[in-house]
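> Quick one, fold the following:
(one chain, ligands or ions: 1)
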Amino acid sequence: MRIGLLTGGGDCPGLNAVIRSVTKSLINLCGAEVIGIEDGFLGLIERRVRPLDWRAVGGILATGGTILGTSNSATPFAWQGQDVSPAVMAYAAELGLDGLVVIGGDGTMTIAERMGRLGLPVVGVPKTIDNDIEGTERSFGFDTAVATVTEALERVQTTGQSHGRVMIVETMGRYAGWIALEAGVAGAADIILIPEAEYDIETVAGVCRERESRQRFTVICIAEGAKPVGGTWTVDRRIETSPDPIRLGGVAHALRAQLQPHLHSEVRATVLGHVQRGGSPTPFDRVLATLYGHHAAHLVRDQQWGQMVTLQGGQLGSIPLNHVAGRNRLVTPTHPLWVCAREIGVSFGELSRP
Ligand code: F6P
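Residues are numbered from 1 along each chain as shown. As a prediction, the model looks like this:
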């Protein structure tokens with residue numbers, strides 16, 4: 001059995017742990033030969049692969065990034081204005097691939113599902129720090145990002161306290177506010193602003209003013225995808241070669257400018273950006289990534305093609321890739337953590353309901 005393995009889309013802590021686990025499990029379970037594809041689907045387009053054996057995946061469990069490299073702009077269906085999927089399929093046949101394990105997010109799963117329909121058997125492993133992949137309650141990398149943001153919130157809190165300032169921390173989270181919500185609760189943010197709830201600037205200013213009146217600093221945790229009522233995303237740049245060209249960033253600075261005229265205390269903003277995506281995965285993410293990789297190898301051994309590994313109710317399982325493609329798992333108003341945060345007094349900046 002010869003199996004290809006690639007990491008696609010933005011990177012994430014824990015990718016190497018999955019690569020290691022898939023490779024070791026496939027060797028042990030099926031005596032498989034594992035072929036590492038470089039830079040995601042770009043490696044299949046540009047014919048760049050290398051063998052992955054026991055030795056090649058040694059010592060990588062705790063390292064950040066991906067030893068295979070990744071690309072978030074390469075899709076065989078629209079590469080430099082052309083559909084190169086027939087050439088990619090021919091290359092996969094030339095390599096003698098019996099299947100492909102694809103570690104990636106929503107975009108990568110969408111491509112994988114299409115490759116599957118062309119006849120390349122695929123198994124998916126969900127990856128994103130945003131934790132917003134449909135069908136799975138935890139993606140590896142999320143726990144590490146939450147730990148990083150929590151530490152940042154604690155650090156700005158002490159300096160905010162010294163100066164009596166309003167401190168805004170911007171997290172990643174384009175469509176879903178999971179990172180801001182979980183880190184906001186763990187890091188004792190006073191206000192958490194997420195894409196799922198448009199924020200009202202007067203409400204946010206009101207919370208800060210009330211705290212100001214008690215000589216208190218305020219910590220605000222805002223997801224990059226959060227929007228003011230009736231407003232739009234804060235776009236940092238467009239990457240036209242990417243299937244999803246918009247890159248967000250800077251909403252913390254926009255909020256700072258909106259808030260400052262309403263307050264006496266100084267307002268400061270920090271954008272965490274890729275600090276959240278780099279570095280060594282937490283022990284939780286190392287374990288989750290290892291379990292995901294091992295489960296993916298089982299799916300391959302059992303010829304369960306077209307499936308993505310999932311975690312539901314704490315149990316590993318899988319769902320068809322076409323249930324994942326093009327969807328996002330958002331924070332719902334009834335989610336226990338959102339309900340809890342509200343009831344312990346965290347503001348989500350929403351207009352008060354009549
Ligand atoms: O989807 C994961 C993510 O980290 C988002 O939170 C963020 O908007 C995006 O990727 C950033 O991508 P890039 O690394 O291309 O700037």
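
> can we go C-alpha only for contacts and neighbour counts from here?
OK.

> which residue ranges form the helices in the stretch 151-300 of the chain?
Here the stretch 151-300 of the chain has its helices, by DSSP state H, counting those that start in this stretch, at 178-186, 201-212, 251-259, 283-301.

> and what of the stretch 1-150 of the chain?
For the stretch 1-150 of the chain, the helices defined by DSSP H, counting those that start in this stretch occupy 15-30, 41-46, 85-95, 106-118, 142-163.

> Return the distance of the second one from the chain's centre.
Chain-centre distance of helix 41-46: 22 Å, with CA atoms, centre = their mean, to the nearest Å.

> CA atoms only: put that helix into CSV for me.
The C-alpha trace of helix 41-46 is given here as CSV (Å, rounded to 0.1, in the frame of the first residue of the first chain):
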residue,chain,number,x,y,z
PHE,A,41,-1.6,20.5,-3.2
LEU,A,42,1.3,22.6,-4.7
GLY,A,43,3.5,19.5,-4.3
LEU,A,44,1.1,17.5,-6.4
ILE,A,45,1.0,20.2,-9.1
GLU,A,46,4.8,20.8,-9.1
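
> From the contact counts, what lies against that helix?
helix 85-95 (3 or more CA pairs under 8 Å, 6 or more residues apart in numbering; DSSP states H and E).

> hang on, the earlier thing: quick check: which of the helices of the stretch 151-300 of the chain is buried the most?
helix 178-186 (a mean of 25; mean count of other CA atoms under 10 Å).

> Please state the offset of that helix from the chain centre?
Between the centre of helix 178-186 and the centre of its chain there are 14 Å (CA atoms, centre = their mean).

> wait, does it contact the ligand?
No: Helix 178-186 does not reach the ligand (CA under 6 Å from any ligand atom); its nearest approach is 9.1 Å.

> could you give the angle of that helix to helix 142-163?
50 degrees (axes from the mean of the first three to the mean of the last three CA atoms, to 10 degrees).

> Now helix 178-186 - C-alpha only, PDB.
Extracted in PDB, the C-alpha atoms of helix 178-186 (Å, rounded to 0.1, in the frame of the first residue of the first chain):
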ATOM      1  CA  TRP A 178     -14.100  30.200  19.700                       C
ATOM      2  CA  ILE A 179     -10.600  31.500  20.400                       C
ATOM      3  CA  ALA A 180     -11.800  34.900  21.700                       C
ATOM      4  CA  LEU A 181     -14.600  33.200  23.800                       C
ATOM      5  CA  GLU A 182     -12.500  30.500  25.400                       C
ATOM      6  CA  ALA A 183      -9.400  32.600  26.000                       C
ATOM      7  CA  GLY A 184     -11.500  35.600  27.000                       C
ATOM      8  CA  VAL A 185     -13.100  33.500  29.800                       C
ATOM      9  CA  ALA A 186      -9.800  31.800  30.700                       C
END
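
> Flag every buried residue along the strand or helix carrying Met308.
Here Met308, judged by DSSP states H and E, is contained in strand 307-312. Within strand 307-312, the residues that count as buried by 16 or more other CA atoms under 10 Å are Gln307, Met308, Val309, Thr310, Leu311.

> ok, the second one - contacts?
Just to be clear, that refers to Met308. Val123, Gly124, Val125, Pro126, Ala296, Ser318, Ile319, Pro320, Leu321 (CA atoms under 8 Å, 6 or more residues apart in numbering).

> which among those gets closest to Phe142?
Set against Phe142, the nearest of those by CA to CA is Pro126 (11.3 Å).

> Would you mind confirming that the closest one is in contact with Val309?
Yes: between Pro126 and Val309 there is a contact at 6.8 Å, judged by CA atoms under 8 Å.

> Spit out the residues that contact those two alike.
With CA under 8 Å, 6+ apart, Pro126 and Val309 have no common neighbours.

> Residue numbers of the stretch 201-350 of the chain in contact with the ligand?
So the stretch 201-350 of the chain meets the ligand at Arg247, Leu248 (CA under 6 Å from any ligand atom).

> wait, I meant the stretch 1-150 of the chain
Proximity of the stretch 1-150 of the chain to the ligand (CA under 6 Å from any ligand atom) is limited to residues Gly10, Thr128, Ile129, Asp130.

> Can you get me the start-to-end distance on stretch 120-138?
In stretch 120-138, first residue to last residue: 27 Å (CA to CA, to the nearest Å).

> buried ones in it?
Buried-residue list, stretch 120-138, by 16+ other CA under 10 Å: 120-136, 138.

> and if you look at stretch 138-152?
For stretch 138-152, burial by neighbour count (16+ other CA under 10 Å) applies to 138-150, 152.

> give the contact list for the residue lying closest to Arg50 once chain neighbours are set aside.
Residue nearest to Arg50 in three dimensions, not counting chain neighbours: Gly36, with 5.2 Å by CA to CA, 6 or more residues apart in numbering. Neighbour list for Gly36: Gly4, Leu5, Leu6, Val49, Arg50, Pro51, Leu52, Leu68 [criterion: CA under 8 Å, 6+ apart].
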